[in-house]
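>>> output the structure for:
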Amino acid sequence: MVQWRTLSLTLTLSILLAGCGDSPAEQQWQSYHQQLADDLALSNIQRTDPGNIGDFPERSDRVIDIPETRDSLLNVYALRECQITSLVAARNNQLGRVAPPSQQWLYERTLWQRLSNCWNSDVPDQLSDENRTRLDQLTKTKTEQLPAVSWNAIFDSSEWVKSFSRASQPLSNVDETTIASQLAAIDYLQQMTDHQFDLNWQQHSSTLENHLKTLQERPLTAEVLRALLLATQRLTEANAMLARQSDTTRCLSRWESPSHDRLASIAHQWLTAINRLIDAQQVGKPIAIQRYQERWLSLDNAQAPWGQFQQALSEHQALRALFPTCSDN
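Predicted coordinates for the structure are as follows:
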């Protein structure tokens, strides 16, 4: 039993240690710190954990409550000329009731399209006063609810929530195809949001699901934010060392910057796309989402990861400029 406990503890410690500082992004910063320390003839820089991003808001704090629309089958059948009977029946069957948020989005938008087209046709003239009123009220209700449906379809989806997972590594080297496919997924959600009240724009279930599958493949938002936190911490540590160095006649090796240049480019593209999608929603954003967006996703808040990274990088570049650059041997 003692042997097993010792082995278990050893394995646990090994796993924990493997998660600390072994990411490719961390290794790049370690190499850069060592380069600076060698140039300045100092011991290597002491590094501390940059910490993790905040928890994404709980479901109850991010989803908008939408009252369920109830009506009898006879009343729905009375509006059969609007071609909603089979659609409503599919939504109310066993599979329809447990459909994921994305499929509920497609259903609600299709229902709104058919109701709106029907209301603007000659069908209302053929209905009884009672059924015409029912069609009018149902169309107005679905029109009012659609923005909230769109919001919930995104913010209640497992694919979206996973993008903000704290159980992630900082973003390291990623090929262009990966980033392009993730941006394309966000762009399609943006299109669905922008065109939600466009009667002529047709959504495609397979296209939506494929893009959501792409988002689920990796927690890119979390990876980007954690990479910014890591870069800010490592730059701040390097800045402190450079600021303490009184001998500015020592030269510094050239700083190969493709890594942080690429991080800045990807982070700006991604955060721009995420913020644009959130801000495009035609609803009053839940307070928890507003706070998360301002604290973690903002490109304008100086205390958000992007602003802190930009500040640390600017300071680092200014401090490096005080030292001559070593000539190549």
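>>> mind saving the C-alpha coords of stretch 130-149 as CSV?
The C-alpha trace of stretch 130-149 is given here as CSV (Å, rounded to 0.1, in the frame of the first residue of the first chain):
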residue,chain,number,x,y,z
GLU,A,130,-58.8,34.8,-35.5
ASN,A,131,-56.1,33.0,-37.5
ARG,A,132,-54.9,36.2,-39.1
THR,A,133,-54.4,37.7,-35.6
ARG,A,134,-52.7,34.5,-34.6
LEU,A,135,-50.3,34.7,-37.5
ASP,A,136,-49.6,38.3,-36.8
GLN,A,137,-48.8,37.7,-33.2
LEU,A,138,-46.7,34.6,-33.9
THR,A,139,-44.7,36.5,-36.5
LYS,A,140,-44.1,39.4,-34.2
THR,A,141,-43.1,37.0,-31.3
LYS,A,142,-40.6,35.1,-33.4
THR,A,143,-39.2,38.4,-34.8
GLU,A,144,-38.6,39.7,-31.3
GLN,A,145,-37.1,36.4,-30.1
LEU,A,146,-34.7,35.8,-33.0
PRO,A,147,-31.8,37.9,-31.7
ALA,A,148,-31.9,36.2,-28.3
VAL,A,149,-32.1,32.8,-30.1
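>>> in it, what counts as buried?
Neighbour counts over stretch 130-149 (16 or more other CB atoms under 10 Å) mark Asn131, Arg132, Arg134, Leu135, Leu138, Thr139, Lys142, Gln145, Leu146, Pro147, Ala148, Val149 as buried. (C-beta placed from N, C-alpha, C; glycine too.)
>>> tell me where the stretch 101-250 of the chain has helices.
101-119, 123-126, 129-155, 158-162, 176-194, 205-216, 220-244 (DSSP state H, counting those that start in this stretch).
>>> dump those to TSV, plus distance to Ser168 and mean pLDDT.
Formatted as TSV, those follow (distance: least, CB to CB, whole Å; pLDDT from 0 to 100):
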stretch	distance to Ser168	mean pLDDT
helix 101-119	22	93
helix 123-126	52	92
helix 129-155	19	94
helix 158-162	9	94
helix 176-194	14	92
helix 205-216	13	94
helix 220-244	4	95
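>>> as TSV, those with distance to Ala280 would be great.
Converted to TSV, the helices of the stretch 101-250 of the chain look like this (distance: least, CB to CB, whole Å):
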stretch	distance to Ala280
helix 101-119	15
helix 123-126	32
helix 129-155	9
helix 158-162	14
helix 176-194	5
helix 205-216	16
helix 220-244	17
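>>> most tightly packed of these?
Most buried of those, by mean neighbour count (mean count of other CB atoms under 10 Å): helix 220-244, with a mean of 21.
>>> could you list every helix and strand in contact with it?
Where contact means 3 or more CB pairs under 8 Å, 6 or more residues apart in numbering; DSSP states H and E, helix 220-244 is packed against helix 24-39, helix 258-280, helix 305-320.
>>> from the chain's centre, how far out does it sit?
21 Å (CA atoms, centre = their mean, to the nearest Å).
>>> again with stretch 77-91
On CA atoms, centre = their mean, the centre of stretch 77-91 falls 36 Å from that of its chain.
>>> between the buried residues of stretch 130-149, which sits nearest Glu315?
Closest to Glu315 out of these is Pro147 (42.4 Å), distances taken as CB to CB.
>>> list the contacts of that closest one.
For Pro147, the contact set (CB atoms under 8 Å, 6 or more residues apart in numbering) comprises Gln196, Gln281, Gln282, Val283.
>>> let's go with 10 Å and repeat that
Applying CB atoms under 10 Å, 6 or more residues apart in numbering to Pro147 gives the contacts Ile64, Thr193, Gln196, Phe197, Gln281, Gln282, Val283, Gly284.
>>> which among these end up buried?
Buried residues within those, counting neighbours by 16+ other CB under 10 Å: Ile64, Thr193, Gln196, Gln281.
>>> Gln145 is in contact with the third one, correct?
It refers to Gln196. No. Gln196 is not in contact with Gln145 according to CB atoms under 10 Å; the separation is 11.1 Å.
>>> circling back: can I get the buried ones among the contacts of Pro147 in JSON lines including distance to Ser327?
Converted to JSON lines, the buried ones among the contacts of Pro147 look like this (distance: CB to CB, whole Å):
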{"residue": "Ile64", "distance to Ser327": "62"}
{"residue": "Thr193", "distance to Ser327": "55"}
{"residue": "Gln196", "distance to Ser327": "60"}
{"residue": "Gln281", "distance to Ser327": "55"}
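>>> tell me the domain boundaries of this protein?
Here the domain parsing of the chain from automatic domain parsing is 23-63+159-329, 64-155.
>>> off-centre distance for the longest one?
Here domain 23-63+159-329 shows a centroid-to-chain-centroid distance of 11 Å under the convention CA atoms, centre = their mean.
>>> what of the shortest one?
In terms of CA atoms, centre = their mean, the centre of domain 64-155 is set 30 Å apart from its chain centre.
>>> now do it: distance from first to last residue.
Here the two ends of domain 64-155 are set 9 Å apart, with distance taken as CA to CA, to the nearest Å.
>>> understood, closing this out.
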